[in-house]
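J.: Structural data only, the sequence is not supplied:
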């Protein structure tokens, strides 16, 4: 996350208030969220009971988020 300039607060906001959540491989979930700077944050995570385990997170633009499979952007 540090290498990609993504903060824990960004992750928490995205998972708590997503634009869209879609199923991903291996029973994981992909979530998209719009950041204040106009970039989209795409997060792949697993959910175990009350906990969320972030597998990866990346900032992208609208086209990048659509390539991943998000449609309601």
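T.: Yep, it's here. Not measured: the values here are computed from a predicted model.

J.: going forward, measure contacts between C-alpha atoms and count neighbours the same way
T.: Will do.

J.: Residue 44 against residue 57, yeah?
T.: Yes - using CA atoms under 8 Å, residue 44 makes contact with residue 57 at a distance of 6.4 Å.

J.: Could you report the pLDDT at residue 45?
T.: pLDDT recorded at residue 45 is 93.

J.: Identify the residues contacting the nearest residue to it once chain neighbours are set aside.
T.: Excluding its sequence neighbours, the residue lying closest to residue 45 (CA to CA, 6 or more residues apart in numbering) is residue 54, at 4.3 Å. Contacts for residue 54 (CA atoms under 8 Å, 6 or more residues apart in numbering) come out as 43-46.

J.: before we move on, back to that, same drill for residue 44 and residue 57, tell me which one is more crowded.
T.: Per other CA atoms under 10 Å, whichever of residue 44 and residue 57 has more neighbours is residue 44, with 22 against 18.

J.: My impression was that that one belongs to a helix - is that right?
T.: No - counting by DSSP: H, G, I helix; E, B strand; the rest coil, residue 44 falls outside a helix, being strand.

J.: Now tabulate the contacts of residue 54 in CSV and tack on distance to residue 24.
T.: Shown next, in CSV, are these (distance: CA to CA, whole Å):
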residue, distance to residue 24
43, 10
44, 8
45, 9
46, 10
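
J.: ok, of the residues you listed, which come out buried?
T.: Neighbour-count burial (16 or more other CA atoms under 10 Å) is assigned, among these, to 43-46.

J.: between these, which is nearest residue 14?
T.: residue 43 (8.1 Å; CA to CA).
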